[in-house]
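Undergrad: take this sequence and fold it.
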Amino acid sequence: MPASPSGARDPRPSVTQQRVLDRIAAQRERLSARRAQRLVVQAQADNGQAPGADLPLVQRLVWFTREHPVVVAAVAGAALMAGPRRLVRWAGVALPLILKLRGR
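TA: Okay, here's the model as predicted:
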């Protein structure tokens, strides 16, 4: 940074430095928005409310797993007992039905 005659540094950043500062500010905004969304999801989970349809599928599955651990364990046990060949066969039957229902 250029120094002024009195020996103090120039407080204005250069163009390159300003670009870096702008990127840092944008990243901070993204992180704070992400943190706020995570807090909303946690508050909904703490209240026992079902997550909204606008949330990603992974977050909805995590919520379902937390709210219904016995059901998830039962489904996992049934999947283990059925075996991979039967699971693939049933997925071939169920998946088109699920996709058709989801398309409505």
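
Undergrad: show the average pLDDT along the helix or strand hosting residue 79.
TA: For residue 79, the element it lies in under DSSP states H and E is helix 69-82. For helix 69-82, mean pLDDT rounds to 92.

Undergrad: specify the next element, helix or strand, located C-terminal of it.
TA: helix 84-102.

Undergrad: how far is that following helix from where the chain is centred?
TA: 26 Å (CA atoms, centre = their mean, to the nearest Å).

Undergrad: okay, the angle between that helix and helix 69-82?
TA: Relative orientation of helix 84-102 with respect to helix 69-82: 130 degrees, computed using axes from the mean of the first three to the mean of the last three CA atoms, to 10 degrees.

Undergrad: buried sites along helix 84-102?
TA: By neighbour count, with 16 or more other CB atoms under 10 Å as the criterion, helix 84-102 contains no buried position. Every residue, glycine included, has its C-beta placed from N, CA and C.

Undergrad: residues in contact with it?
TA: 79, 82 (CB atoms under 8 Å, 6 or more residues apart in numbering).

Undergrad: same for the lowest-mean-pLDDT helix or strand in the chain, what does it pack against?
TA: Every helix and strand of the chain was ranked by mean pLDDT, DSSP states H and E. The lowest is helix 57-67, at a mean of 85. When contacts are defined as 3 or more CB pairs under 8 Å, 6 or more residues apart in numbering; DSSP states H and E, helix 57-67 sits against helix 15-47.
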